[in-house]
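A.B. asks: Give me a model of this one.
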Amino acid sequence: MNGVVLRREGHVAEVVFDRPEAMNALSSGMARRLAEVCGEVAADASVRAVVVSAAGERAFCVGADLKERNAMSDAEIFAQRPLFRAAFGGVLDLPQPTVAAVHGFALGGGCEFALSCDLVVADESAVFGLPEVTVGLVPGGGGTQLALRRLGAGRAADLVLTGRRVPADEAARIGLVDRLVATGSARDEAMDVARTIARNSPAAVRAAKRALRHGHGLDLAAALDVEDAAWRTAAFSPDRREGIAAFAEKRDPDWPS
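C.D. replies: Got it, this is the predicted structure:
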């Protein structure tokens, strides 16, 4: 429906870009649907981890649908902006840990969707890039700020200001990719990572994600306060009692949250 499919496997949700005939380019309808799907996933307490993947063999996502945009007036492009911000924000703001499964081209918004996830799994066919400056634009899905935080100032500037494409091996070397796998196996690896996360305490995992996200960029003392708040959330949750009991009884935990 409108280029986005939601699948569920146990406690793992999979958000799939499903517009392979257009290399999963982000249209207005697709952006609207993506925001809706992310809202649904965020509100579902049974979802403990999320994989963001893509249909087709050629691309994860090549960013905004420039054919659609070429036919739009300035006013229509301006009106489209909130839709796109909601789509990118929907992925970025998911409370559950997110794992991108990237193959083929991840350009512009596609690269930004990967950067919006907590972990990036890519196969050897993946090609990343933020080419917006080559068409008179600036990354608008969080690319400048997310690249800065993930890669550091120099490497982010290299990507954003040149607009060059980065092959999978270099992406792994500079930290844009967390796990590099053989061609065709990114989704399988990402699902395995998500299943591993989903076996852990939901309360602890969500609190840990908040600490990782909110502590970034703060001075150490303030960041440790963020961590302390996350610790308190987990330590006084029913999950902590169940986790310790399960450890003592040598059994798998049955998480109450």
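A.B. asks: for stretch 193-211, how far is the first residue from the last?
C.D. replies: 20 Å (CA to CA, to the nearest Å).
A.B. asks: my bad, stretch 102-117
C.D. replies: Counting by CA to CA, you get 11 Å between the two ends of stretch 102-117.
A.B. asks: what do you get for stretch 132-152?
C.D. replies: Span of stretch 132-152 from end to end, CA to CA: 19 Å.
A.B. asks: from the middle of its chain, how far away would that stretch be?
C.D. replies: Counting by CA atoms, centre = their mean, to the nearest Å, stretch 132-152 is centred 15 Å from the centre of its parent chain.
A.B. asks: What lies in contact with it?
C.D. replies: With CB atoms under 8 Å, 6 or more residues apart in numbering as the contact definition, stretch 132-152 has outside contacts at 63, 66, 81, 84-85, 87-88, 92, 108-109, 111-113, 115-116, 130, 155-156, 159-163, 174-176, 216-217. C-beta here means a position set from N, CA and C on the backbone, and glycine is covered the same way.
A.B. asks: Just after the worst-scoring helix or strand of the chain on mean pLDDT, pick out the following helix or strand.
C.D. replies: The helix or strand of the chain with the poorest confidence is helix 66-70; it has a mean of 88 (mean pLDDT, DSSP states H and E). Downstream of helix 66-70, the next assigned helix or strand under DSSP states H and E is helix 74-92.
A.B. asks: one step back: what's in contact with the least confident helix or strand of the chain?
C.D. replies: Applying CB under 8 Å, 6+ apart, the contact partners of helix 66-70 are 22, 25, 27-28, 77, 80, 135.
A.B. asks: Mind doing that once more with 6 Å?
C.D. replies: Outside of helix 66-70, the residues within contact range by CB atoms under 6 Å, 6 or more residues apart in numbering are residue 27.
A.B. asks: Only the buried residues of it, if you could.
C.D. replies: Applying a neighbour-count criterion of 16 or more other CB atoms under 10 Å, one finds 68-69 buried in helix 66-70.
A.B. asks: And stretch 193-207, by the same measure?
C.D. replies: Neighbour count says stretch 193-207 has 193-195, 197-198, 200-207 buried, by 16+ other CB under 10 Å.
A.B. asks: Stretch 120-132 too?
C.D. replies: Under 16+ other CB under 10 Å, the buried positions of stretch 120-132 are 120-132.
A.B. asks: Nearest to residue 249 among the residues you listed?
C.D. replies: residue 121 (34.0 Å; CB to CB).
A.B. asks: mind listing what the strand or helix carrying the closest one pairs with, with the direction of each?
C.D. replies: Residue 121 is located in strand 119-123, with elements delineated by DSSP H and E. Within its sheet, and counting by DSSP bridges, strand 119-123 is paired with strand 98-102 (parallel), strand 179-181 (parallel).
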